[in-house]
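Asker: here is the input, now give the coordinates:
(one chain, ligands or ions: 1)
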Amino acid sequence: MRFDLLTLFPELIAPHLVHGINRRAFASGQVDVRCWNPRDYAEDNYRRVDDRPFGGGPGMVMLVEPLERALRAAQADRGAPAPVVHFSPAGQRMTQAEVREWAASDGAILVCGRYEGIDQRFIDRHVTHEISLGDFVLSGGELPALALLDAVARLQPGVLGDAASHQQDSFSAGLLDCPHYSRPERLGDAAVPDVLLSGHHAHIERWRREQSLRLSAERRPDLIEAARAAGLLSRQDEAYLGRLL
Ligand SMILES: CCN(CC)Cc1ccc(CNC(=O)c2csc3nc[nH]c(=O)c23)cc1
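Answerer: As a prediction, this is how the structure comes out:
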C-alpha cells in the first residue's frame, strides 16, 4: 500500500518511519510513503502557500492552487485514483476500526493542514475523508497523519510478530489493557502479582481479563457498554463486574 502526504514539512515525516517495529513495514515497501510539498508547486515569485482569510479574522489559510498542483502530481505518480484524507480538528475522530480499514486498503493521499486550515474549495473539490486525532488543538496535520501511518504499519503482516496473533484472538480487544510486569521480581516493596509467577495459565488469563475489566470499568465505562452490546462479556465477566460495584 502507498500513502502520499501533502505537507509543508516533509522533513517531519521521514524520521518517524525508520524507528521501532514499523521500520520493517516502511523499509520493506509494504507501506510506501512519499511526500509532496505544496511550496514546490507555488508559482508566484514569493512561492506563497498561504494568505489572509477573506472576511478577516486571525491567522492564515492554505491556498488552493499549490495544494491542487501537489495533489495532481501525487495522483499522476500513483497512476490510479485514491481517497483524499484531510486531517482537520473538524474531522471524524480516528478509531482502531477505521485504522483497520485503512490497513486493508491500497492507501490514500493524506493532506496535512497548517495555519487555520485549508481553503474550503479544495475540500469541496477533492477531499473524501476528514479525520481528527481528538478534541485538542495541534499546530498542524502532520502528527495526525503520522499517527495513522504508525497505526496502519503495525497491522501489516510480519510487523508485530507473535504479539499480533495474541492481540487479535485475545478477548481483551476493545477493553483497556491489563498491567504488565517483567524482571526483577522484587523491586523494594513493589512486588509482581503472585499469580503471574504461578505458571498457572488459566489463572493468569483470568487475572488479566479481570484487570482489563476493572480498569475499563473505572476509566472507560463506555468500553464496557460497547463490549456488552457486542456480546463480548461472558457470564464470568459479568459476575466479576457485579462484584466490583
Ligand atoms: C480556530 C479554531 N481552530 C480549530 C480548533 C483553528 C485550528 C487550530 C489548529 C489547526 C491545526 N490542527 C490540525 O491541522 C489538525 C489536524 S487533525 C487534528 N486533530 C486534532 N487536533 C488538531 O489540531 C488537528 C487547525 C485549525
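
Asker: please list the residues of the chain that sit near the ligand.
Answerer: The chain has residues 87-89, 113, 116-117, 132-134, 136-141, 144 near the ligand, with proximity defined as C-beta under 6 Å from any ligand atom. Just so you know, the C-beta spots here come from the backbone N, C-alpha and C atoms, and that holds for glycine as well.

Asker: widest-spaced pair of those?
Answerer: Maximum pairwise distance among the residues of the chain next to the ligand (C-beta to C-beta): 18.7 Å, between E116 and G134.

Asker: and those two? which has more neighbours close in?
Answerer: The residue with more neighbours, out of E116 and G134 and counting by other C-beta atoms under 10 Å, is E116; that gives 13 against 10.

Asker: in the helix or strand harbouring S212, what's buried?
Answerer: When secondary structure is defined using DSSP states H and E, the element that contains S212 is helix 201-219. Along helix 201-219, the positions that meet the burial threshold by neighbour count (16 or more other C-beta atoms under 10 Å) are 204, 207-217.

Asker: filter the residues of the chain next to the ligand to the buried ones?
Answerer: Neighbour counting by 16+ other C-beta under 10 Å classes 87-89, 113, 117, 132-133, 140-141, 144 among the residues of the chain next to the ligand as buried.

Asker: N22: how many residues sit nearby?
Answerer: Around N22 sit 22 other residues, with neighbours defined as other C-beta under 10 Å.

Asker: ranges for the helices of this structure?
Answerer: 22-27, 64-78, 96-103, 120-126, 142-153, 162-169, 194-197, 201-219, 221-229, 235-244 (DSSP state H).

Asker: and these, which is most packed in?
Answerer: Neighbour counts averaged per stretch over these are highest for helix 142-153, at a mean of 21; criterion: mean count of other C-beta atoms under 10 Å.

Asker: who touches G140 in this structure?
Answerer: Taking C-beta atoms under 8 Å, 6 or more residues apart in numbering as the definition of contact, the neighbours of G140 are 8-9, 112-114.

Asker: and those residues, which are buried?
Answerer: Using 16+ other C-beta under 10 Å as the burial test, those include 8, 112-114 as buried.

Asker: what's the closest of those to L196?
Answerer: The shortest gap between L196 and any of the buried ones among the contacts of G140 belongs to C112, at 42.7 Å (C-beta to C-beta).
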